[in-house]
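Visitor: need coordinates for the below:
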Amino acid sequence: MPEREGLKPLEELLDPDIRNSFFVRTDPETGEVLPRTLGDHYADIERYALHEDVPEAIATQYDVARNLFLFAWFEYRFFNVAEANALVVLELAMKERLGKDEIERYIKQRNKEHKAKTGKNGGIRKGMKSLMECCRDHQLVKNEGFTRWQQHATMQAYHQAQYERNLWAIGEMNRTGVTEITLPDIELRIMPPDPDYDHIQHLINNVSKFRNIYAHGSTMLHNQVHGTFEMVSEFISQLYGQPTRT
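Guide: You can find the predicted model right below:
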């Protein structure tokens, strides 16, 4: 497929983008591998709704991003436009929730503390990272409100088991001289959340960098945007009062 695709032909407007046919899903009950459908795609997006107390103006802008995500079924390049829009809405939601005066007060206080500690001017500037830190310090968001925090220890255990299985397979192939080996299944053990894992700090360290990639122009093209929508929906919902899980 050429890089310069141009306008989608009118007669193909409602046809699925062929690139979406490259991905499949596994039936959790039977293990059968099936092609993904528009219904599967819609169900995934539907999961990432905002809490009902989120202001209408913010929810409306967020649903623009969700609809772009939805219509990526027909135009693959919408995936990354949708992701970029979701991150913009997250920044808007933080600004609206904190308010201009509180943001300025917070930055001034942080920079004052920085100068007292180091003797130098500087510290933090207005931006997405500072907004996320402000939300954290005001306890508007907590680790417990994020699915990824809940699942982190389980996924770490799974990746470790996967690593050990692969080492075993390599050792067995070297020992026996075979060129193929059947990998045993990994039993996924559900682990309790790790209290030492700070997911909010992980977001502070990474989300603004990722948003800036889009903001400064990007040719990025992928469909792995579910995690961003999950994070944005949970972050904004916490900002506006959704109770966190315990």
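
Visitor: before we move on, what SS does the closest residue in space to Asp40 that isn't next to it in sequence have?
Guide: With sequence-adjacent residues excluded and distances taken as C-beta to C-beta, 6 or more residues apart in numbering, Asp40 is closest to Arg25, at 5.9 Å. Any C-beta I mention is one placed from the backbone N, CA and C, and that applies to glycine too. The assignment at Arg25 comes out as strand when based on DSSP: H, G, I helix; E, B strand; the rest coil.

Visitor: Glu230 and Trp149 touch, don't they?
Guide: No: judged on C-beta atoms under 8 Å, Glu230 makes no contact with Trp149 at a distance of 11.6 Å.

Visitor: for the top helix by length along the chain, packing partners?
Guide: Longest helix in the chain by number of residues (criterion: DSSP state H): helix 147-176. With contacts taken as 3 or more C-beta pairs under 8 Å, 6 or more residues apart in numbering; DSSP states H and E, helix 147-176 sits against helix 199-215, helix 226-239.

Visitor: which parts of the last one are buried?
Guide: Right, helix 226-239. Thr228, Phe229, Glu230, Met231, Val232, Ser233, Glu234, Phe235, Ile236, Ser237, Gln238, Leu239 (16 or more other C-beta atoms under 10 Å).

Visitor: what about the strands in the protein?
Guide: 24-26, 33-35 (DSSP state E).

Visitor: with respect to Leu87, which of these lies nearest?
Guide: Among these, the nearest to Leu87 by C-beta to C-beta is strand 24-26 (26.2 Å).

Visitor: and the closest one, what other elements does it pack with?
Guide: Using 3+ C-beta pairs under 8 Å, 6+ apart, strand 24-26 sits against strand 33-35.

Visitor: average pLDDT across the strand it packs on?
Guide: Strand 33-35 shows a mean pLDDT of 90.

Visitor: equivalent analysis for stretch 207-220, please.
Guide: 92.

Visitor: next one: stretch 140-157
Guide: 96.

Visitor: report the distance from that stretch to the chain centre.
Guide: Here stretch 140-157 is found 12 Å from its chain centre; the criterion is C-alpha atoms, centre = their mean, to the nearest Å.

Visitor: got a list of contacts for that stretch?
Guide: Residues from elsewhere that reach stretch 140-157 (C-beta atoms under 8 Å, 6 or more residues apart in numbering): 97-98, 135, 188-194, 197-200, 227, 230-231, 234-235, 237-239, 242, 244-246.

Visitor: same check on stretch 18-32?
Guide: Counting by C-beta under 8 Å, 6+ apart, Met1, Val33, Leu34, Pro35, Arg36, Asp40, His41, Ala72, Trp73, Tyr76, Asn223 sit against stretch 18-32.

Visitor: in TSV: those residues, plus distance to Gly127.
Guide: As requested, the contacts of stretch 18-32 are exported to TSV (distance: C-beta to C-beta, whole Å):
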residue	distance to Gly127
Met1	37
Val33	43
Leu34	43
Pro35	42
Arg36	37
Asp40	37
His41	33
Ala72	28
Trp73	33
Tyr76	30
Asn223	28
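
Visitor: buried subset of these?
Guide: Arg36, His41, Ala72, Trp73, Tyr76, Asn223.

Visitor: who does the lowest-mean-pLDDT helix or strand in the chain pair up with?
Guide: Least confident helix or strand, the chain: strand 24-26 with a mean of 88, by mean pLDDT, DSSP states H and E. If you go by DSSP bridges, strand 24-26 pairs up with strand 33-35 (antiparallel).
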